[in-house]
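In: Give me a 3D structure for the following:
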Amino acid sequence: MELLQSTLQNIKQLNKEVMEKARERVDALCKPPGSLGKLEQIAIQLAGISEKLELDVSNKAVISLAADHGVYEENVSNNPQFVTVMQAIGFAKGFTGVCAIAKAAGAKVVPVDIGIKEDLPKDSGVIVKKVKYGTDNMAKGPAMSRQEAIQAIEVGIEIADEQVKQGIHVLATGEMGICNTTPSSAVLSAFCGCDPAIVTGMGAGVDSLQHKIDVIRRSLDINTPNPNDPIDVLAKVGGLELGGMAGVVLGAAANRVPVVVDGFISTVSALIAYKLEPKVKDYIIPSHLSEEPGAKIVNELLGLEPMLNMNMRLGEGSGAALAFPILDAACSMMNTMTTLEESHQYMLKIMGSQTV
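Out: Below is the predicted model of the structure:
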């Protein structure tokens with residue numbers, strides 16, 4: 001709890017003075033004002049986060065946290081739970097979707113076992129930070145204890161801190177956990193006070209969407225999570241990787257590092273972080289709009305507008321990795337484009353006495 005509290009206290013507002021200077025420079029660049037759209041806003045946001053006009057996000061990492069879920073017992077997924085193990089090891093070996101996209105973006109993937117049901121081979125390459133061997137079945141009681149929820153958040157903070165110390169300039173959240181759209185939909189339902197049918201989709205595959213919705217309704221009825229207490233919501237109907245990703249968001253903000261969130265599950269985790277400390281919103285860069293029906297709702301709750309709409313719903317941090325080159329472009333715009341005045345002076349210099 002001490003790490004969580006100190007992290008929350010270390011999250012500060014963006015540097016408004018630097019942002020204003022960045023805005024002035026962006027508006028003065030050799031282009032019509034506003035013509036580069038969201039790229040301009042991202043550059044200004046990055047300046048406010050780093051407190052620098054010279055931007056650098058060259059060192060990138062996707063933190064992909066893996067965990068299992070007790071609610072799998074309720075047949076809310078038709079995929080074998082062992083896939084969580086397979087994909088977690090795949091993260092370390094570079095076999096998965098997020099690894100392929102991260103490689104193209106020049107980013108590394110950091111795989112973390114925060115709650116897989118099984119012990120991984122010692123040479124798996126996965127960082128082991130296991131809080132417990134999967135959550136309990138939330139359809140029968142709390143998914144985890146309050147202390148375990150806090151511990152999951154603190155694992156994410158620890159990983160974020162470690163990556164920043166290693167020189168990472170931008171983090172992204174990713175996850176793996178068979179049936180984890182079920183707790184994600186439950187968490188979102190608890191926060192927005194809406195019926196699960198509004199925010200629940202098919203996820204990676206389920207035989208009956210109505211059954212999945214009914215399980216979430218039952219979980220909410222049994223546990224009665226308090227929407228004003230984000231740790232209570234996480235503990236009762238959440239997941240260990242959701243807590244871990246919330247911790248990554250908090251840790252990034254405390255270190256003044258931008259964090260790119262992936263799709264539905266990652267954004268629900270960002271909502272948990274936001275409920276704990278609203279200032280984290282300024283450090284979040286949304287990547288893509290997931291195909292899950294709750295994705296639009298959770299982004300609206302956070303007041304975020306994802307950059308991409310690629311009809312993706314893989315998870316793992318894949319959409320976040322896909323958005324990394326956009327951040328690179330925003331930095332290049334800020335660092336290499338000249339202002340109109342600079343261009344004019346350059347032309348005067350090279351053309352001598354000729355009229356410019």
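In: now N311: how far from E292?
Out: From N311 across to E292, the span is 11 Å (C-beta to C-beta, to the nearest Å). Just so you know, the C-beta spots here come from the backbone N, C-alpha and C atoms, and that holds for glycine as well.
In: More neighbours: those two, which one.
Out: It is E292, of N311 and E292, that has more neighbours when counted by other C-beta atoms under 10 Å, with 25 against 9.
In: The more buried one against G263, yeah?
Out: Yes: counting by C-beta atoms under 8 Å, a contact exists between E292 and G263, whose distance comes to 6.9 Å.
In: list the residues that contact both of these two?
Out: Here E292 and G263 have R313 as joint contacts, going by C-beta atoms under 8 Å, 6 or more residues apart in numbering.
In: My guess is K236 contacts D221. True?
Out: No: because the distance of 11.3 Å does not satisfy C-beta under 8 Å, K236 is recorded as not touching D221.
In: L65 falls within a helix, correct?
Out: No: using DSSP: H, G, I helix; E, B strand; the rest coil, the assignment for L65 is strand, not a helix.
In: Now do the same contact list for it.
Out: Taking C-beta under 8 Å, 6+ apart as the definition of contact, the neighbours of L65 are 112, 114, 155-156, 159, 173-176, 240-241, 244-245, 248.
In: Which members of these occur in helices, if any?
Out: Judged by DSSP state H, helices contain the following of the contacts of L65: 155-156, 159, 240-241, 244-245, 248.
In: Look at K236 and D221 and report which has more neighbours.
Out: Comparing K236 with D221 by neighbour count (other C-beta under 10 Å), the higher total belongs to K236, at 27 against 9.
In: Spit out the contact partners of E54.
Out: Applying C-beta under 8 Å, 6+ apart, one finds that E54 lies in contact with 334-335.
In: what about it, helix or strand, and which?
Out: Under the criterion of DSSP states H and E, E54 resides outside all helices and strands.
In: From H169, how far off is it?
Out: 12 Å.
In: Next: K122.
Out: Computed as C-beta to C-beta, the K122 to H169 distance reads 31 Å.
In: Looking at these two, which is more packed in?
Out: Taking other C-beta under 10 Å, K122 and H169 do not tie; H169 has more neighbours (19 against 8).
In: Which residues are in contact with the more buried one?
Out: When contacts are counted by C-beta under 8 Å, 6+ apart, H169 is found next to 56-60, 257.
In: which of those lies closest to D195?
Out: Proximity of the contacts of H169 to D195 (C-beta to C-beta) peaks at V257, which lies at 36.8 Å.
In: From what I see, that closest one and G167 are in contact.
Out: No: distance between V257 and G167: 10.8 Å, which falls outside the contact criterion (C-beta under 8 Å).
In: more crowded one of these two?
Out: More neighbours surround V257 than the other of V257 and G167, with 20 against 9 (other C-beta under 10 Å).
In: Quickly note the distance from the more buried one to I49.
Out: Counting by C-beta to C-beta, the gap from V257 to I49 is 7 Å.
In: Give the residues shared as contacts by those two.
Out: Y283.
In: show me where this structure has strands.
Out: If you assign secondary structure with DSSP state E, the strands in the chain sit at 60-67, 107-115, 127-128, 170-176, 259-261, 284-286.
In: out of the ones you listed, nearest to E17?
Out: Proximity to E17 (C-beta to C-beta) singles out strand 284-286 among the strands of the chain, at 21.1 Å.
In: buried set for the closest one?
Out: Of the residues in strand 284-286, 284-286 count as buried by neighbour count, 16 or more other C-beta atoms under 10 Å.
In: contacts for that strand?
Out: The list of residues contacting strand 284-286 from outside it, by C-beta under 8 Å, 6+ apart, reads 42, 45, 249, 258-261, 267, 270, 274, 299, 302, 304-307, 323, 327.
In: try stretch 226-233
Out: 146, 149-150, 153, 187, 190-191, 193, 225, 272, 275-276.
In: Filter those down to just the buried residues.
Out: Burial by neighbour count, 16+ other C-beta under 10 Å: within those this picks out 149-150, 153, 187, 190-191, 225, 272, 275-276.
In: Just the CA atoms of stretch 286-302, as CSV, please.
Out: Extracted in CSV, the C-alpha atoms of stretch 286-302 (Å, rounded to 0.1, in the frame of the first residue of the first chain):
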residue,chain,number,x,y,z
PRO,A,286,-5.4,6.2,-26.5
SER,A,287,-4.4,4.0,-29.5
HIS,A,288,-7.3,2.4,-31.2
LEU,A,289,-11.1,1.8,-30.9
SER,A,290,-11.6,-1.9,-30.1
GLU,A,291,-14.4,-3.8,-31.7
GLU,A,292,-15.8,-4.7,-28.2
PRO,A,293,-19.1,-2.8,-27.6
GLY,A,294,-17.8,-1.4,-24.3
ALA,A,295,-14.8,0.3,-25.9
LYS,A,296,-16.7,3.4,-27.0
ILE,A,297,-18.3,3.8,-23.6
VAL,A,298,-15.1,3.5,-21.6
ASN,A,299,-13.4,6.0,-23.8
GLU,A,300,-16.3,8.4,-23.4
LEU,A,301,-16.1,8.0,-19.6
LEU,A,302,-12.4,9.0,-19.8
